[in-house]
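Asker: Structure, please.
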Amino acid sequence: MRVTDKTSPGSLPTSAIGRAGVLAAGPVAMYLALFHGVAAAAGAVAICFGLVVWPRPDVALLMLLVLVPAVAVVDPGGTALPVMVLGAVVLLLLRVVLGGSRLCTDLLLIPSIGAAVTVSWLLPQETFGVEHAWKTCGLLLVGLGLTAVSALAPPDPRRIAQVVAGSGGGLATCLVLRGEHAFDRLTGLGLNPNYVGAALALPLVAAVGLVRFNRSWLWMVPAAVCVCAVLETRSRGAFVMAAAGLACVLLAGRPLRHKVLIGLALLAVTLALPGTLDSMEGNLTGGRTSTELAANTEVRKKAALLAVRVALDHPLRGIGYAMFPEYARSSPDLGIYINTHNDYLRLAAEAGLVTLVLWTALLWRGLARRRTADHIVLRSLGVSYATGLLFANALTDLVISTPFWISLGCLLARTADRGPDHLAPQGSPPTPSLRSVRKAE
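Answerer: Numbering: from 1, shown residues only. Predicted structure coming up:
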């Protein structure tokens, strides 16, 4: 009797996956062992092996969400994390594409953005001999690959929120216990305080979303830990980022009059915030003087204005991806090495206005659709991250961006429109609709 190898949609036979895994993990392990120690090599091999033998790509993505903060803690600022995610993206794309997954129209935006960024990097308008520019471009392509995999094999949206909130709470606890500070601001993972705050804002939003839509008060624990850690970073951008995501969570499904009242309250707080910061600088800005904050803001404004001029002068393919800091240092208008501190302006200046339009269209297609309650939590993560891109260049930082890339892919997935029962694993409770949440309130 002939035994057939039954595989789920979007997966390859185990033997083919094993061969691909060995071929992918071998050179990676050799490189890490030679240049980054045996521990990094062993970790990368173990991660690749786990991703290879795992039967379902959607579960592998959830496992990857757990591993990203763990690897960031063990190897802060090292190459283990990007190599791990790159290997995961390649293997999972092999699974879902060769396994017969259907492509949707929205996914055409992903290779378009990747091609535009790659062309701008390969054919720059300005050349400054920037070292490792290919790594920056590669990290962005890896993130786009994560979105494609998540769209082709979408995990359960509630599980994504739970993993992001749980792993983020653990990460926040680790950072607080370690107590690494720079100028009285919480730091760690090889990141400055602003980026640490951005990394912790997303699990905060996910935890609060789980509390509201699933009535599980246990998620208040990681939410409280993340709040404490974000406050210790003293990052103004992280505060705004968290506020945008929380507003999206709290406003969803509310009656119009409640939305107006909450919106007016948020607007009043936003308008009063600059004056409040002056009186609370000891607590919220880590002792940074108002003169220092004003100077920091002024430099960022000059960088933003320069980025706008560069984008208007080179609208098709920009000056070249990862070239702006050197361009700013050589510019008589600025004269210092600084990035745009705004990833929308970075895409426009370095890759062209066309790339920015494609990126905005991808965000719109993922975030603007009406969803169930669990998808609203993922949309809130996307809104929070999209807001954070106004204050930081976080697209190429996998510690911060991995939850966003996977959430965006899940929102783009065609199967999400079929309802929560199609995505939820067997035995899981049904996903609440916004109408049921509204009635419960």
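
Asker: what's the helix or strand containing A244 packed up against?
Answerer: Using DSSP states H and E, A244 sits within helix 236-251. The contact analysis (3 or more CB pairs under 8 Å, 6 or more residues apart in numbering; DSSP states H and E) places helix 236-251 against helix 193-214, helix 220-233, helix 256-279, helix 373-388. All C-beta atoms are positioned from the backbone trio N, CA, C, and that covers glycine.

Asker: May I see these arranged in CSV, with mean pLDDT and distance to G87 as well?
Answerer: Putting the helices and strands packed on helix 236-251 into CSV (pLDDT from 0 to 100; distance: least, CB to CB, whole Å) gives the following:
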stretch, mean pLDDT, distance to G87
helix 193-214, 92, 22
helix 220-233, 91, 28
helix 256-279, 60, 42
helix 373-388, 91, 24
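
Asker: Can you check which of these gets nearest to S112?
Answerer: Nearest to S112, of all those, is helix 373-388, at 18.8 Å by CB to CB.

Asker: quick one, that closest one and helix 193-214 angle?
Answerer: Between helix 373-388 and helix 193-214, the angle comes out at 160 degrees (axes from the mean of the first three to the mean of the last three CA atoms, to 10 degrees).

Asker: so how many other residues sit close to R56?
Answerer: Residues near R56, counting by other CB atoms under 10 Å, number 16.

Asker: hang on, isn't L92 packed against P57?
Answerer: Yes: under the criterion of CB atoms under 8 Å, L92 makes contact with P57 at 4.9 Å.

Asker: if I've got this straight, N393 is in a strand?
Answerer: No: with DSSP: H, G, I helix; E, B strand; the rest coil as the criterion, N393 is located in coil rather than a strand.

Asker: hey, what's in contact with both of L92 and P57?
Answerer: V149, A153 (CB atoms under 8 Å, 6 or more residues apart in numbering).

Asker: and the host helix or strand of V357, what's its mean pLDDT?
Answerer: In this structure, V357 sits in helix 353-367 according to DSSP H and E. Over the span of helix 353-367, the pLDDT mean works out to 93.

Asker: sec struct for G318, please.
Answerer: With three-state DSSP as the basis, G318 sits in coil.

Asker: before we move on, back to that, just checking, what packs against the helix holding V357?
Answerer: By 3+ CB pairs under 8 Å, 6+ apart, helix 353-367 packs against helix 109-122, helix 343-346, helix 373-388, helix 398-412.

Asker: what do you get if the cut-off is 7 Å, keeping everything else the same?
Answerer: Contacts defined by 3 or more CB pairs under 7 Å, 6 or more residues apart in numbering; DSSP states H and E place helix 353-367 against helix 109-122, helix 373-388, helix 398-412.

Asker: Which of those sits closest to L61?
Answerer: Using CB to CB, the nearest of the helices and strands packed on helix 353-367 to L61 is helix 398-412, at 5.6 Å.

Asker: for the closest one, the distance to its chain's centre please.
Answerer: 5 Å (CA atoms, centre = their mean, to the nearest Å).

Asker: for it, what is the average pLDDT?
Answerer: The average of the pLDDT scores along helix 398-412 is 93.

Asker: if we can go back for a sec, now what about the helix holding V357, what contacts it?
Answerer: 106, 109-110, 112-113, 116-117, 311, 315-316, 344, 347-348, 379, 382-383, 386, 408, 411-412 (CB atoms under 7 Å, 6 or more residues apart in numbering).

Asker: Got a quick PyMOL command for the buried subset of the residues you listed?
Answerer: Here is the PyMOL command that selects the buried residues among the contacts of helix 353-367 (16 or more other CB atoms under 10 Å):
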select buried, resi 106+109+110+112+113+116+117+311+344+347+348+379+382+383+386+408+411+412
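
Asker: Confirm G253 sits in a helix?
Answerer: No: assigned with three-state DSSP, G253 falls outside any helix and is coil.

Asker: What does it show for phi and psi?
Answerer: phi 80, psi 0 (degrees, to the nearest 10).

Asker: before we move on, the earlier item: mind listing what's buried along the helix holding V357?
Answerer: When burial is assessed from 16+ other CB under 10 Å, helix 353-367 yields the following buried residues: L353, V354, T355, L356, L358, W359, L362, L363, R365, G366, L367.
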